[in-house]
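Enquirer: make a model of this:
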Amino acid sequence: SSPGRRSIVSSDARASVGDATSTNAARDRHAIGWGRLTRRDWLALIFVVGLILRIGLHRIPPGICVADAGDLQLAATLLGIPHPPGYAAYVSLSHLVTLIPGVEPALAVSALCFGVGVIALLLAALISIRLGAHPLVAAAASLALTAHPRVWQNLTTPEVYSFSIAFSLGAAYALIRHLA
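Expert: Next up is the predicted model:
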């Protein structure tokens, strides 16, 4: 067990099992893969990000969108409430990018939503790699997600869903890391 954590197994029970427990624990930790990422892991993750950026970056709307997306862009610019429940975190984070000088606020919000969606796909690939999937399989799975119309729509239009998914995957990554 790591420093600062209490073990649910008593020291007597660990001693009776002997070295097999520590060997199995070391093997399990290695199987989960929480050590340093290999070069192949990094290349797969960079490939995912690069390809998604290459395909989708020029598809981001340059101006105000219609319907909910435009409502969210306007709320981010004015620090307003788009509609219930209000999406306070989304509006607050999006408002920060609207303050970048020389960048159209609507484009800045669209680019932020795209970037957060890419981070969500990157986290999905990273979690897969950390849980033992081959890096190319993890990359292919993340790229396959972009083929789904809803995922693609949420990458290329300002919406709150990519934020929710990225935060959820970040929490899942942190939880899995903590429990590993």
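
Enquirer: quick one, what contacts the most centrally placed residue in the chain?
Expert: By C-alpha atoms, centre = their mean, the chain has its centre lying nearest to Ala120, at 2.8 Å. Contact analysis of Ala120 by C-beta atoms under 8 Å, 6 or more residues apart in numbering lists Ser162, Ile165, Ala166, Leu169. For glycine as for every other residue, the C-beta is placed from the backbone atoms N, C-alpha and C.

Enquirer: in what helix or strand does the second one lie?
Expert: The reference is to Ile165. Assigned by DSSP states H and E, Ile165 belongs to helix 161-179.

Enquirer: returning to what we had before: who wins for neighbours among the contacts of Ala120?
Expert: Among the contacts of Ala120, Ser162 has the most neighbours (other C-beta atoms under 10 Å), with 24 neighbours.

Enquirer: hang on, isn't it packed against Trp152?
Expert: No. Contact criterion C-beta atoms under 8 Å: Ser162 and Trp152 do not qualify, at 11.1 Å.

Enquirer: still on that earlier bit, quick one: pLDDT of the residue nearest to the centre of the chain?
Expert: Model confidence at Ala120, given as pLDDT, is 96.

Enquirer: separation between it and Leu79?
Expert: 24 Å (C-beta to C-beta, to the nearest Å).

Enquirer: just to revisit the earlier point, columns distance to Leu93 and pLDDT on top of the contacts of Ala120, output as a markdown table?
Expert: Converted to a markdown table, the contacts of Ala120 look like this (distance: C-beta to C-beta, whole Å; pLDDT from 0 to 100):
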| residue | distance to Leu93 | pLDDT |
| --- | --- | --- |
| Ser162 | 12 | 90 |
| Ile165 | 14 | 93 |
| Ala166 | 11 | 94 |
| Leu169 | 16 | 97 |
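
Enquirer: for those, which one is nearest Ile64?
Expert: Relative to Ile64, the closest of the contacts of Ala120 is Ser162; by C-beta to C-beta it sits at 18.7 Å.

Enquirer: mind listing what that closest one touches?
Expert: Counted by C-beta under 8 Å, 6+ apart, Ser162 has contacts Cys113, Phe114, Val116, Gly117, Ala120, Asn154, Leu155.

Enquirer: what's the angle between the host helix or strand of the third one and helix 161-179?
Expert: Take DSSP H and E as the rule and Val116 turns out to sit in helix 105-130. Relative orientation of helix 105-130 and helix 161-179, computed by axes from the mean of the first three to the mean of the last three C-alpha atoms, to 10 degrees: 30 degrees.
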